[in-house]
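Novice: One predicted model, sequence on top.
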Amino acid sequence: MKQILFLGALALILSSACSQQTKENNTLTKEEKADGWQLLFDGKTSDGWRNYNKSTFPAGWEITEDGTLHCPGSGRGEAGGKDRGDILYGDKKFGNFHLKLEWKISEGGNSGIFYLAQESDTLDYIYKTAPEMQVLDNERHPDAKAGKDGNRMAGSLYDLYPAVPQNAKPAGEWNTVEIKVYKGSVWHIQNGETVVEYHLWTPQWNDLVAGSKFPELNPNWADVATEGYIGLQDHGDDVWFRNIKIKEL
C-alpha cells in the first residue's frame, strides 16, 4: 500500500513538473514543421532581417542573450538616431499567411507590426505603405487615448480599427499575437482572442482610409498590395520580439 501511495505521489510530482515546462523559444515543433510553419527569427542571428529600404541589418537593433529581437530605446521617437530604423524580413514577400509572434514593450513604449509592406524610393517609412498592428503600453503612452474609440491601443489596426476586447498585458509582460491574411480578409488575434477583423479593398475600407490621416502620407495607401513584407517598428522605445513564425495559406 505504501509503495502504491509513493508511486502515486511521484507521478503527481512528475506530471506537475512536465506541466510547468515551457516550449523552447524560437523553435518549431515536429507538428509545426509538418504543417508548413517556418521560423523568421532563430533567436541567435539577424538572418533574413534588414533595415527598411536598405540591404543591411541596423546596428541599433540587437539579439539578446535570452533570444529576443530587441530595439533599444533612443528617447527620440520616430526620429530614431544613427544606425536605427524600422526593420523587415527581407527574404520573401507574403500574401496569404498566418503569422505568429510574441512582443513585450517597455513602460511608456510604442512600436508596431507591419504586414503587406512595400519598399519605395519615395516613401521613407514603412508605415506609409502597410497596415500596422499596434504595439503599445496602454497605461502610459498618450497614443492610447488619441485616435478614435481606442484605435491606437495595442492590437488595433493602427488609427483605423480598435482592438475589441482590449486585452493587452501590462508593460514588461509578453503578449502573443497572430495575424491572418487571406484574400483580403484580415484578423488580429491578441492573447488568444480575435480583436480585429476587417476586409481590404472594399468600399467600406476605402471610405475608412479616406477619412484617416493616411492619404496625406501616401495618396495610394488604401490600395494595399496583395503581398508584401513583414516588418517591425523602431519608435524610439525599448521593445522585444520572439517566436516569430509564419505559415503560408
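Specialist: Cool, the structure landed. Residues are numbered from 1 along each chain as shown.

Novice: Let me see the ranges of the helices in the protein.
Specialist: For the chain, the helices defined by DSSP state H occupy 2-20, 30-34, 203-210, 214-217.

Novice: Next, the buried residues of the shortest one.
Specialist: To tie it back to what came earlier, the one meant is helix 214-217. Phe214 (16 or more other CB atoms under 10 Å). Backbone N, C-alpha and C define where each C-beta goes, glycine included.

Novice: ok, residues contacting that helix?
Specialist: Helix 214-217 has contacts (CB atoms under 8 Å, 6 or more residues apart in numbering) with 127-128, 159, 209, 221-222.

Novice: Kindly export that helix (C-alpha atoms) in PDB.
Specialist: Presented in PDB, the C-alpha positions along helix 214-217 are these (Å, rounded to 0.1, in the frame of the first residue of the first chain):
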ATOM      1  CA  PHE A 214      -3.000  58.000 -44.300                       C
ATOM      2  CA  PRO A 215      -3.900  59.700 -47.600                       C
ATOM      3  CA  GLU A 216      -1.800  62.600 -46.600                       C
ATOM      4  CA  LEU A 217       1.100  60.300 -46.100                       C
END
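
Novice: Make residue 1 into 21 and carry on from there
Specialist: Shifting the count to begin at 21 puts that one at helix 234-237.

Novice: pLDDT of it, averaged?
Specialist: For helix 234-237, the mean per-residue pLDDT is 95.

Novice: ranking the contacts of helix 234-237 by neighbours, who comes first?
Specialist: Tyr147 (24 neighbours; other CB atoms under 10 Å).

Novice: quick one: contacts for it?
Specialist: Applying CB under 8 Å, 6+ apart, the residues near Tyr147 are 106, 132, 134, 178, 237, 253.

Novice: In a markdown table, list these along with distance to His219.
Specialist: Below are these laid out as a markdown table (distance: CB to CB, whole Å):
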| residue | distance to His219 |
| --- | --- |
| Asp106 | 26 |
| Gly132 | 21 |
| Phe134 | 19 |
| Tyr178 | 17 |
| Leu237 | 22 |
| Gln253 | 24 |
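
Novice: Tyr202: which of those is nearest?
Specialist: Checking the contacts of Tyr147 against Tyr202 with CB to CB, the nearest one is Phe134 at 17.7 Å.

Novice: all strands for this protein, in order.
Specialist: 57-59, 69-71, 82-83, 89-91, 107-114, 117-125, 130-137, 152-156, 195-202, 205-210, 213-219, 248-252, 259-268 (DSSP state E).

Novice: Report the two of the contacts of helix 234-237 separated the most.
Specialist: Longest span within those, CB to CB: Tyr147 and Ala242, 14.1 Å.

Novice: Quick check on the contacts of Tyr147: which are buried?
Specialist: Buried members of the contacts of Tyr147, counted by 16+ other CB under 10 Å: 106, 132, 134, 178, 253.

Novice: who's in contact with the first one?
Specialist: Asp106 makes contact with 71-72, 134, 145-147, 251-254 under the criterion CB under 8 Å, 6+ apart.
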